[in-house]
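K.L.:
need a structure here:
(one chain, ligands or ions: 1)
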Amino acid sequence: MRSFLIAGNWKMNMGPKETADFFGQLDDAVQQEKPGVEAAVCPPFISLPAAFEARKPGSAVKIGAQNVHFEDNGAFTGEVSTTMLNELGCDFVILGHSERREYFGEDDAIINKKVKKALADGITPIVCVGEVLDERKSNRHFDVVKTQTTGSLAGLSASDAGKIVIAYEPVWAIGTGETASPEQAQEMHAFIRKELTGLFGQDVADTIRILYGGSMKPDNAGELMQNPDVDGGLIGGASLKADSFAKLVSIAAEQK
Ligand code: PGA
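P.N.:
This is a model prediction of the structure:
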């Protein structure tokens with residue numbers, strides 16, 4: 001059985017002080033290990049050390065990064081490596097977010113290199129896919145998501161593929177307050193799982209968690225996560241406050 005994953009994508013929010021405050025305010029109950037639910041937050045690079053320091057000993061909340069380079073070290077000004085993330089103890093890295101694709105020129109080939117590097121170094125990639133509004137309106141959303149999925153995961157072995165997490169994030173729903181309907185989410189998640197089955201076989205596809213992202217919040221998380229192929233959320237705005245993040249984790253824990 002797949003466990004749920006509630007992952008907070010803090011984007012360019014929350015400096016070290018706010019990060020420490022977040023962990024200070026986070027309810028103890030949320031930080032306890034829960035059967036069937038994993039929780040994680042992904043602060044900006046500069047706030048990662050503060051997150052590790054402020055996280056209570058024994059807390060089950062995992063910590064991830066929002067990006068990583070595909071080389072180990074060298075002349076790559078402004079970049080951060082998996083070795084550095086491992087030195088802190090990061091469990092996850094978000095890769096191929098639509099904002100990285102749109103504003104920083106990342107394409108499937110670059111994302112694929114990063115996915116392989118993260119897997120090689122034991123960090124779980126959360127690989128983002130999703131269409132823009134025009135693509136949905138012109139009924140190209142399945143093709144777009146298929147291309148992104150196959151491109152980002154090209155050349156992965158089935159055993160490596162079994163370690164990844166996918167996040168389906170329709171770009172028109174990110175930060176807009178507009179959410180995909182539970183039916184739209186389930187339809188795309190089932191489509192992605194079918195593609196994963198074609199690439200890696202049914203057994204592996206059945207173990208890969210597919211998160212929904214795009215204006216997920218405590219109000220709509222339950223109905224989204226009730227769908228058989230929605231295995232949690234990659235959450236931006238609603239993950240920035242400790243109480244709202246805690247609610248999302250509790251909602252996931254209530255799902256069967
Ligand atoms: P949002 O962001 O929850 O603020 O829409 C989600 C994301 O971009 O990962």
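
K.L.:
hey, let's count contacts and neighbours off CA atoms from now on
P.N.:
Noted.

K.L.:
how about the strands in this protein?
P.N.:
With strands called from DSSP state E, the chain shows them at 4-9, 37-42, 61-65, 92-95, 124-129, 165-168, 209-212, 232-235.

K.L.:
Can you lay out those strands as TSV showing mean neighbour count and mean pLDDT?
P.N.:
Listed next are the strands of the chain as TSV, based on neighbours: other Cα atoms under 10 Å; pLDDT from 0 to 100:
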stretch	mean neighbour count	mean pLDDT
strand 4-9	26	98
strand 37-42	24	97
strand 61-65	23	98
strand 92-95	26	98
strand 124-129	26	98
strand 165-168	25	98
strand 209-212	29	98
strand 232-235	30	98
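
K.L.:
Take those strands and lay them out in TSV including distance to the ligand.
P.N.:
TSV is the format used below for the strands of the chain (distance: least, Cα to the nearest ligand atom, whole Å):
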stretch	distance to the ligand
strand 4-9	5
strand 37-42	10
strand 61-65	12
strand 92-95	9
strand 124-129	8
strand 165-168	8
strand 209-212	9
strand 232-235	4
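
K.L.:
Just send the ones you listed back as a markdown table, with distance to Ala252 too.
P.N.:
Output for the strands of the chain, formatted as a markdown table (distance: least, Cα to Cα, whole Å):
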| stretch | distance to Ala252 |
| --- | --- |
| strand 4-9 | 6 |
| strand 37-42 | 7 |
| strand 61-65 | 14 |
| strand 92-95 | 19 |
| strand 124-129 | 18 |
| strand 165-168 | 16 |
| strand 209-212 | 12 |
| strand 232-235 | 7 |
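
K.L.:
Fine, thanks again, bye for now.
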